[in-house]
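Enquirer: For reference, the sequence and a predicted model appear below.
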Amino acid sequence: MNRKKDHEVTLTKEQLLNLLSTMLLIRNCEEQLVKSYARGDIPGGMHMYIGEEAVATGVCAHLKVEDAVFSTHRGHGHALAKGMKPERMIAEVMGKALGCCGGRGGSMHLFEPSVGFYGTSGIVGPSILLATGAGYKAKLQGSEYVGVAFFGDGASNNGAFHEGINMASAWSLPVVYVCENNLYATEVPLRTITKSPSVAERASGLGLPGVQIDGQDVLAVHKAAGEAIARARRGEGPTLIECLTYRYRAHAEGMRETGYRTAEEIEKWKKRDPINSFKERLLAMGTFDSQEFVALEQSALQTAEQAADFARKSPWPDPKTLTDYVFSEAQHA
Amino acid sequence: MNRKKDHEVTLTKEQLLNLLSTMLLIRNCEEQLVKSYARGDIPGGMHMYIGEEAVATGVCAHLKVEDAVFSTHRGHGHALAKGMKPERMIAEVMGKALGCCGGRGGSMHLFEPSVGFYGTSGIVGPSILLATGAGYKAKLQGSEYVGVAFFGDGASNNGAFHEGINMASAWSLPVVYVCENNLYATEVPLRTITKSPSVAERASGLGLPGVQIDGQDVLAVHKAAGEAIARARRGEGPTLIECLTYRYRAHAEGMRETGYRTAEEIEKWKKRDPINSFKERLLAMGTFDSQEFVALEQSALQTAEQAADFARKSPWPDPKTLTDYVFSEAQHA
Amino acid sequence: MREMTFTDAAREGLTEEMERDPLIFVVGEGIGARGGNFNTTVGLYERFGEWRLRDTPISERGFTGLCIGAAVLGARPVVDFMFLDFELDALGDIINQASRLSWMSNGQVKVPLVLRGGVGIAATGPHHSSSLYSFFMHLPGLHVVAPVFPADAKGLLKTALRCNDPVIFLEHKKVMKIKGNVPEGELSIPFGKANVVRPGKDLTIVGISYMVVEALNAAEALEKQGISVEVIDPRTLAPLDLETILESLSKTHRLLIVDEDFSPCGAGAEIAARVMEQGFYELDAPVRRLNGPFAPAPYSPPLEAVAVPNAQAIVRAAQMLLAE
Amino acid sequence: MREMTFTDAAREGLTEEMERDPLIFVVGEGIGARGGNFNTTVGLYERFGEWRLRDTPISERGFTGLCIGAAVLGARPVVDFMFLDFELDALGDIINQASRLSWMSNGQVKVPLVLRGGVGIAATGPHHSSSLYSFFMHLPGLHVVAPVFPADAKGLLKTALRCNDPVIFLEHKKVMKIKGNVPEGELSIPFGKANVVRPGKDLTIVGISYMVVEALNAAEALEKQGISVEVIDPRTLAPLDLETILESLSKTHRLLIVDEDFSPCGAGAEIAARVMEQGFYELDAPVRRLNGPFAPAPYSPPLEAVAVPNAQAIVRAAQMLLAE
Ligand SMILES: Cc1ncc(C[n+]2csc(CCOP(=O)(O)OP(=O)(O)O)c2C)c(N)n1
Ligand SMILES: Cc1ncc(C[n+]2csc(CCOP(=O)(O)OP(=O)(O)O)c2C)c(N)n1
Ligand SMILES: [Mg+2]
Ligand SMILES: [Mg+2]
């Protein structure tokens, strides 16, 4: 508690409000997408980040454009927190030409290298390895940049976790591994597929620091990520951060929500909603008043609505472009 | 020290002599193969087990025929300790028809299911996974049998290590994971490719017991393996045993032996030779006298020589058999 | 005979075999209480319990290897990968271990193992749409099964579950809800027997997996133009029933192979090459292939529309081939 | 021009490119001080240091993924797998990531990555002999290079190291010690240009990788029988220079493809199918394939002798084809 207090007083009002705004933006964009899905505007699958906003927000607040983020199937929040424009994100999820990748891939294939976002992914695991490579590249060049991997508790049982983190640790690569432990992989509870006491505790066996933190507390995330990123930039190597968090909606949009978890569990977590609890804290601290909050909320809603609107109005991709960029160089096509 | 003493007095003379005989058999067969290689009798690659005999010996002494052993590229010792006939082993390494697999695969492809030996392997890693499956099968059937995986320090950085051991731990499978840490993977020192403090310490992150023992002390291996196997048979789950050991010869027969390790290091380990030191201990304990030892040594040499002789005289495989058993069922061939 | 879907029929086959053989078990992510992402195992967890319906971690390589080991020891595991794309992380051990253990051990070891996964493009984008039939056809030691109709799904899955060698069982997402008559109880369909699903005399079309359905639609349309098309569903790609294809060719003298998967070194390349080798003098025109374009699978509907050969495209290809 | 071995020539190409471009680095097991299992990097560690010659743990999937990430960020990694067989553990990420990132990102991401490994049978047994050319040919987004002669090894590796897309660079163990003339300094050979390594007029033989050498030996022997054989080395399998093959066919009208790798859906299937599609009316006989038998690679010498097509077998196949 004291440590958290310490951390929040070191942040400026602007920083605090930025954290809140980012979370609000993510929440609102996700809600637009949920509505679009219900309306039939989303041609494929989509995994919502609602409930987990503090993680992407707290981590990405520290990142420069050149720092490279590699994300998961549940990556809208990471994309937005790293700076992807909401309309480019939503248009992509709708499969539209003005999406960040021209509608080619949708939700699980969002890329925006211009802001250092190297992709959501339909395959669980590789984000860990590719981020390790970004760290290798930084070290090879002697730059100060870091690679960041987001991944779920489910990915922590994948060989990519072991192989990637071991190499980063061995060679002190500037990488931050952010595990979003939301207790389930699809509908499989973590405790049924591992006896691991925690994801963070696996770090010691690989010789790097591992911390488990409250992923619903954006300041706790911000602090832990800040330390890890600073450590990485100093050349001292990688850190594994396990963020305890929770998704509110079904594993994928449109999936039934029964059986594997209780309504009480969901309610319990919703009481600790990362946005609400941060808002309450800021109100209590007198950082802003409720009116200012309403304005922020309105602004996020408006941005998200405009983005969804933009996306809906975007043209479809031209079928003739289907075979573009199979190779990056036209002469090989 | 006391614990070891305790263990050795619980063993019968027969058990002690069996341990010694198995180590002598392995050593002598390996030396026959080294000679054969020098003579040009070995058509392909071969990784010698000399120096590591205590590990296979101490572990396999506990195993029943139905317990399933999965081994590595350095697996002659495991094959012999599990009960493969020396002549079947050597003939296979020579590529002969009377080899355990008709000469099809050589050193890295030794199989003898009739004694529960499910293979050496040219690929590093899978032994861990396949042994896990043997444990799963035992549990599915409710049998008392165990799966045993041998693997090197090199394999401990492979994703198979993480994925296989995690599952065995999660479901309390009867599997024993025996890591032969001989400090190097080929010529790459373990310390340059991991910051892991030890292989055994990785166990806690996966929720199973891990122990590091002196792999040159056959009684230490025997004791640790006995406990692990008993635990597995009781249904309490897997154990990871890291055996500190050393190979005397180059990574593979015929490879140069320079650069990556010092002559002093090799000498230091040879002073702790598993066979010599066990012999000395048994002599000191009065388990036998030097004459009895010489007889055991002679017998091992003779068996190995006869096996090599048998192998040399074996016919070559018939080329017409090349496509047999691509499928196990003839009708599909 | 009852009407049922492909997936229900396959599940009936699985259930019957699991009743018969206590050493069959299924592993996968969400194949326990959830019943499988594609409903492959609905109801089985309640019936057979966790040791036979094992929810796994996301360790594709690991649980595939686990199943190979269990198979070697005499169990009959089924790996339910959901999407074939996830199986690719396990290809090393599928190739080096599963497909080769029988041979390497000189017949001393058997690997009765079924690897099943959904293939094909269905609004699924580049990471959930791979087919890669030809990867598995290329390898000695594997059976490759790609049924289209419910009765085949049941019969071929039952055969797979009695086979002593690894079987790659590929289920196109677009056939999973196809309905058809399925005989009750025992139904075993041998590997290596193609089905002439529509007889004809002017042109032979071999469809791979779901493309059989599009080929049938095309045949219907061509019929109206007075063109009689014979449509063949190979059902198993390895072993491949070339005889049935050659027999058809001796009637039609023209062959079109339709495959949604990539063309180079695909199933169609093999069929074309073998037909040339064994039926060259029957051919009135070159064997033609119609494949998806050489690009990853798109997500956006207008892109998908051109990424997958459909009845229209098949009609065009057939007309061109007949004009040669 | 100097005589040098294939491996030395390739290493010279690598060295020159590493001098030129500080973002090229090599990873693999024993490619540092040891200089590589096949001597691919001898002397480079001393010259370029550990960050550019990185000895890795046995984490094939991991370091391949690491290199994909580094490539995405603008580095030019070379993964030296030793044996292609070990690369198979990384196929998931090679397919789903490396081969598709350019396309998935709509051209925003490039993956300049070279994946090299030894292929082919050479007393190496079932786990160290895979070739699997066709796996890579099947996939959009990959270049597949399989040189035979030293100058090509150097020139094509240099081209690979300047290419902005992933390149699969396959080195047959039996070509590594082949000697030949290699120009000093700059030497860039474009992908997609086959070489007619021996002109002839009665029959065309396309050899895949080392089979070019056996084909040349066979051509020599056939010449003595008065049969003139044209031998083509495609050098790159993707892109494939079909034009050169068709041109040859328009002279010889008969084509034999020799490939040590498995026949079904192999490189030969693709070449045969495309030649039929584009050169059907030039063919006096069906395109024939000569492959290794459909079984894993054996270790025992008398088994290996029949597992790999040799000059004698090629001569027989050529004679049969000419008699058709
Ligand atoms: C290699 C691989 N296996 C399986 C899947 C299917 N899949 C998609 S998301 C998911 C669960 C992921 O769980 P976790 O990593 O905890 O992330 P979460 O969904 O909880 O955010 C699975 C199994 C996949 N995409 N990739
Ligand atoms: C997947 C794979 N990668 C690489 C190799 C090549 N290789 C053979 S043995 C070996 C070193 C193995 O080291 P370790 O596991 O420590 O066993 P040791 O040789 O020391 O007994 C390597 C890299 C292989 N056989 N399989
Ligand atoms: Mg999760
Ligand atoms: Mg070792």
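Expert: Perfect, I can see it now. Ligands and ions are numbered 1, 2, ... in the order given.
Enquirer: Relative to residue C:157, how far out is the closest residue to residue C:152 other than its chain neighbours?
Expert: Distances taken as CB to CB, 6 or more residues apart in numbering or on different chains put residue C:235 closest to residue C:152, at 5.6 Å, once the chain neighbours are dropped. To be clear about C-beta, it is placed using only N, CA and C from the backbone, and glycine gets the same treatment. Distance of residue C:235 to residue C:157, given as CB to CB, to the nearest Å: 12 Å.
Enquirer: rewinding a little: in contact with the residue nearest to residue C:152, which residues are there?
Expert: Residues counted as contacts of residue C:235 (CB atoms under 8 Å, 6 or more residues apart in numbering or on different chains) are C:145, C:146, C:147, C:148, C:152, C:156, C:189, C:193, C:194, C:195, C:241.
Enquirer: let's see it at 6 Å
Expert: Contact partners of residue C:235, counting by CB atoms under 6 Å, 6 or more residues apart in numbering or on different chains, are C:147, C:152, C:194, C:195.
Enquirer: For residue C:142, see how far away the third one is.
Expert: In this view, residue C:194 and residue C:142 are 18 Å apart by CB to CB.
Enquirer: For the two, indicate the residue with more neighbours.
Expert: residue C:142 (26 against 19; other CB atoms under 10 Å in any protein chain shown).
Enquirer: what bits of the stretch 201-333 of chain A have low per-residue confidence?
Expert: A:330-333 (pLDDT under 70).
Enquirer: In it, what residue comes closest to chain B?
Expert: Relative to chain B, the nearest point of the stretch 201-333 of chain A is residue A:207 (2.8 Å; CB to the nearest CB).
Enquirer: tally of neighbours for that residue?
Expert: 20.
Enquirer: Quick check: it touching residue B:198?
Expert: No - using CB atoms under 6 Å, residue A:207 is not in contact with residue B:198; the gap is 9.9 Å.
Enquirer: May I ask which helix or strand encompasses the one residue in chain C that gets nearest to ligand 1?
Expert: Ligand 1 sits closest to residue C:86 of chain C, with a gap of 3.9 Å, by CB to the nearest ligand atom. Assessed by DSSP states H and E, residue C:86 sits inside helix C:84-87.
Enquirer: Give me the packing partners of that helix, helices and strands only.
Expert: strand C:114-119 (3 or more CB pairs under 6 Å, 6 or more residues apart in numbering or on different chains; DSSP states H and E).
Enquirer: which residues does residue A:120 contact?
Expert: Residue A:120 neighbours (CB under 6 Å, 6+ apart): A:71, A:75, A:108, A:110.
Enquirer: Spit out the contact partners of the first one.
Expert: In this case it means residue A:71. A:78, A:120, A:127, A:150.
Enquirer: Out of those, name the ones that lie in helices.
Expert: Counted as lying in helices by DSSP state H, out of the contacts of residue A:71, are A:78, A:127.
Enquirer: Mind putting the contacts of residue A:71 into JSON lines with pLDDT?
Expert: As requested, those are exported to JSON lines (pLDDT from 0 to 100):
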{"residue": "A:78", "pLDDT": "98"}
{"residue": "A:120", "pLDDT": "98"}
{"residue": "A:127", "pLDDT": "98"}
{"residue": "A:150", "pLDDT": "99"}
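Enquirer: Just send the contacts of residue A:71 back as a markdown table, with distance to residue C:306 too.
Expert: Below are the contacts of residue A:71 laid out as a markdown table (distance: CB to CB, whole Å):
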| residue | distance to residue C:306 |
| --- | --- |
| A:78 | 31 |
| A:120 | 24 |
| A:127 | 30 |
| A:150 | 33 |
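Enquirer: right, and out of the contacts of residue A:71, which lies closest to residue C:311?
Expert: Of all the contacts of residue A:71, residue C:311 sits closest to residue A:120, with 34.1 Å by CB to CB.
Enquirer: Chain neighbours aside, what residue packs nearest to the closest one?
Expert: In space, residue A:120 is closest to residue A:75, 3.3 Å off (CB to CB, 6+ apart).
Enquirer: just residue C:283 next, same as before
Expert: Going by CB to CB, 6+ apart, residue C:283 has residue C:253 as its nearest residue, at 6.4 Å.
Enquirer: if we can go back for a sec, name the nearest of the contacts of residue A:71 relative to ligand 2.
Expert: Checking these one by one against ligand 2 (CB to the nearest ligand atom), the nearest turns out to be residue A:127, at 22.7 Å.
Enquirer: Now do the same contact list for that closest one.
Expert: Residue A:127 neighbours (CB under 6 Å, 6+ apart): A:70, A:71, A:72, A:121, A:149, A:151.
Enquirer: Quick check: the farthest pair among those residues?
Expert: Going by CB to CB, the pair spanning the contacts of residue A:127 furthest: A:121 and A:149, at 10.5 Å.
Enquirer: And the helices in chain C, which stretches?
Expert: Using DSSP H, helices in chain C cover C:6-20, C:44-48, C:60-72, C:84-87, C:91-93, C:101-104, C:133-137, C:150-162, C:211-224, C:242-252, C:267-279, C:301-307, C:311-323.
Enquirer: One more: the stretch 151-300 of chain A?
Expert: A:159-170, A:190-193, A:202-206, A:218-233, A:263-270, A:274-285, A:290-313 (DSSP state H, counting those that start in this stretch).
Enquirer: Buried deepest among the ones you listed, which one?
Expert: Mean neighbours per residue, mean count of other CB atoms under 10 Å in any protein chain shown, is largest over the helices of the stretch 151-300 of chain A for helix A:159-170, with a mean of 30.
Enquirer: on that earlier part again, closest one to residue D:324 among the helices of the stretch 151-300 of chain A?
Expert: That would be helix A:159-170 among these, by CB to CB, at 51.0 Å.
Enquirer: Show me what that closest one is in contact with.
Expert: A:125, A:128-129, A:132, A:135, A:175, A:177, A:206-208, A:238, B:157, B:159, B:162-163, B:193-195, C:61, D:59, D:62.
Enquirer: C-alpha coordinates for that helix, CSV please?
Expert: Taking Å, rounded to 0.1, in the frame of the first residue of the first chain, the C-alpha atoms of helix A:159-170 are listed here in CSV:
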residue,chain,number,x,y,z
GLY,A,159,7.4,-23.9,-25.0
ALA,A,160,7.9,-20.4,-26.4
PHE,A,161,7.7,-19.1,-22.8
HIS,A,162,10.6,-21.2,-21.7
GLU,A,163,12.8,-20.9,-24.8
GLY,A,164,12.3,-17.2,-25.3
ILE,A,165,12.7,-16.0,-21.7
ASN,A,166,15.6,-18.3,-21.2
MET,A,167,17.5,-16.7,-24.0
ALA,A,168,16.7,-13.2,-23.0
SER,A,169,17.9,-13.9,-19.5
ALA,A,170,21.1,-15.7,-20.7
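Enquirer: How far away from the center of its chain is that helix?
Expert: Here the centre of helix A:159-170 is set off from its chain's centre by 20 Å, with CA atoms, centre = their mean, to the nearest Å.
Enquirer: Could you report the neighbour count for residue 90?
Expert: You didn't say which chain, so I picked chain A. Neighbour tally, residue A:90, other CB under 10 Å: 32.
Enquirer: oops, chain C please
Expert: Quick note: residue C:90 (other CB under 10 Å) scores 28 neighbours.
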